[in-house]
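Asks: here is a sequence together with a model predicted from it:
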Amino acid sequence: MVDETASFNLQLERWLTEARKSYVESAGGSERPHVTLCYAQSWDGSITTDPGETLALSSKAGMRMTHQLRSLHDGILVGIGTVLADNPQLTVREWTGNNPQPIVLDSQLRMPASSRLCQDNSRRCWVLTTVQGAEGREGCDLIVVPDDGDGHVNLDAALRALYQRGIRSLMVEGGANVISAFLRAHLADAIVLTVAPVLVGGYNAIGRLVDPDKASFPHIAPLHSHQLGDEMIVWGALHYKHSGEML
């Protein structure tokens, strides 16, 4: 299993390198990082049983792949809901490599100073918030950005702020609201999805993606897949427009 995992991870690293190269060549001077969505779900699309609940879906091999992907990105981002539910570290522990910059999307600044990201991480956590004039939180740095008109962090402005701080590649691990927001804003460039062999009937990773003309739902093309142990890994570049035919 170890050799299989290492070989597959090398394949995934080569693909990610080429995907970023293509992004830079086609970005046309866009000053935001390349964004990769990476998360695990059940066969029926659930990431947990209910919002706020924790459910481990990845195998040991799947976790090694996830940590390898972390080591290949400048930054890793989760929503405040994930921090409150899982209290993650967002470090590279199951693979060899550097820890990415931990970043939390937290519109209303609910980040607890007691969280692992504020207390234990080797890199000082960045918190993206819309709260003006807030006092700093122990163990983290605040980055204030405009809201999107609905009280949430404007993702385009947030990505540009991260780019200005040197983040050229960003891995987004969740949760569902964050993943859906990136897809709605067409700001996710690639996806690596782990599908665990279990049916949960719980809380789905993807919320409603409003698209009145049904022409720009995210498509994965070209599609890649690999069976890693009893899990299926699916990955590829994301596209948001098509001419009525599957890409």
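Replies: Good, I have the coordinates.
Asks: wait, what's in contact with Asp141?
Replies: Counting by C-beta atoms under 8 Å, 6 or more residues apart in numbering, Asp141 touches Arg124, Cys125, Trp126, Val127. To be clear about C-beta, it is placed using only N, CA and C from the backbone, and glycine gets the same treatment.
Asks: change it to 6 Å
Replies: With contact set as C-beta atoms under 6 Å, 6 or more residues apart in numbering, Asp141 has these partners: Arg124, Trp126.
Asks: list the buried residues of whichever strand or helix holds it.
Replies: Here Asp141, judged by DSSP states H and E, is contained in strand 140-144. For strand 140-144, burial by neighbour count (16 or more other C-beta atoms under 10 Å) applies to Cys140, Leu142, Ile143.
Asks: what ranges does the chain have for its helices?
Replies: 2-26, 60-71, 80-86, 116-119, 155-164, 176-184 (DSSP state H).
Asks: what's the fifth one in contact with?
Replies: Meaning helix 155-164. By C-beta under 6 Å, 6+ apart, helix 155-164 touches Glu31, Arg32, Pro33, Leu128, Ile143, Val145, Pro146, Ala185, Leu187.
Asks: out of those, who's nearest Thr5?
Replies: For these, the closest approach to Thr5 (C-beta to C-beta) belongs to Pro33, at 26.7 Å.
Asks: so how far is Asp74 from the closest residue to Met65 other than its chain neighbours?
Replies: Of all residues not flanking Met65 in the chain, Asn9 sits nearest, at 5.8 Å (C-beta to C-beta, 6 or more residues apart in numbering). To Asp74, Asn9 is 19 Å away according to C-beta to C-beta, to the nearest Å.
Asks: need the helices of the chain in a markdown table with mean neighbour count, can you?
Replies: Below are the helices of the chain laid out as a markdown table (neighbours: other C-beta atoms under 10 Å):
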| stretch | mean neighbour count |
| --- | --- |
| helix 2-26 | 14 |
| helix 60-71 | 20 |
| helix 80-86 | 20 |
| helix 116-119 | 20 |
| helix 155-164 | 19 |
| helix 176-184 | 20 |
